[in-house]
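Undergrad: Based on what follows, work out the 3D shape:
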Amino acid sequence: MSDTPDRVPAPCPSCSPDLETVHEVLTAGGGNLTVRCSECGHVHKIQPDSEREVTLDVVVSQGGESFTANVTTPEDEPIEVGDEFILETEEVLSTVRVTSVELDGQQRVETAPADEIETVWTREVDNVAVNVTVHPQDGSRDDSRSVTVHVPGDYEFAVGAVESFGDEEFEIDAFVVRDDAAGYERDRFELEGDTAFAKDIKRVYAYDEQSTAWSAW
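TA: Here you go, the predicted model:
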């Protein structure tokens, strides 16, 4: 079985000389690869990267269920909680985010080079379920309820915004972001206009916009 990959990243002298694009490998021989740029179709030769790679076990959490897949990466490539990458298997093509890195002996760490990793734990972030705690308009917490909304991972929630999902309509009061979410200065946001992507949110807190839903009779 050939070790030559079907696709490789490489600069394209025609359309992208400074940045790598995905190339289809046409032939291999003489220490070179003949490749075709997926962006513009230009065919040229490149010197293959001789960097050693390792295959990692990846556990993906997806809609309350999980499955195991494999990904190949350079052996010295660091894998870190919060990293996102595209996972492509025969069954699924999705973007996943690293939630935990497991070494030998079930030791969990924040980051490690690929050749030291036993298992990479991830969750799908293309489409996500967001938990929302909805309070009555009168502020009574005894009648609060929890609902789950399903949205694309890059759907943006904002404090002060009114959201409608089916029969649910609520105004966002605050939200808490996940531990694996990067780029946030704190974990709880409650100022008017604060925003976050659905894939980064652990829970949304909101007030019901349907006053009749909270009648005691």
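Undergrad: For the longest strand anywhere in the chain, what is the distance to the chain centroid?
TA: For the chain, the strand that runs over the most residues, judged by DSSP state E, is strand 16-29. From the chain centre to the centre of strand 16-29 is a distance of 26 Å (CA atoms, centre = their mean, to the nearest Å).
Undergrad: just the CA coordinates of that strand, formatted as CSV?
TA: Once side chains and other backbone atoms are set aside, the C-alpha atoms of strand 16-29 remain, and they are given as CSV (Å, rounded to 0.1, in the frame of the first residue of the first chain):
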residue,chain,number,x,y,z
SER,A,16,-1.4,31.3,-4.3
PRO,A,17,2.4,31.5,-4.2
ASP,A,18,2.5,32.7,-0.6
LEU,A,19,-0.3,30.6,1.1
GLU,A,20,-0.9,26.9,1.0
THR,A,21,-4.0,25.5,-0.8
VAL,A,22,-5.3,22.0,-1.0
HIS,A,23,-3.7,20.0,-3.9
GLU,A,24,-4.8,16.7,-5.4
VAL,A,25,-1.8,14.3,-5.9
LEU,A,26,-1.7,13.0,-9.5
THR,A,27,1.5,11.0,-9.6
ALA,A,28,4.5,10.3,-7.4
GLY,A,29,8.0,9.5,-8.7
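Undergrad: Residues in contact with whatever helix or strand comes next after it: which ones?
TA: From strand 16-29 onward toward the C-terminus, using DSSP states H and E, the following helix or strand is strand 32-37. By CB atoms under 8 Å, 6 or more residues apart in numbering, the residues outside strand 32-37 that reach it are 4, 8, 10, 12, 14-16, 21-28, 42-48. All C-beta spots, glycine's among them, are computed from the backbone N, C-alpha and C.
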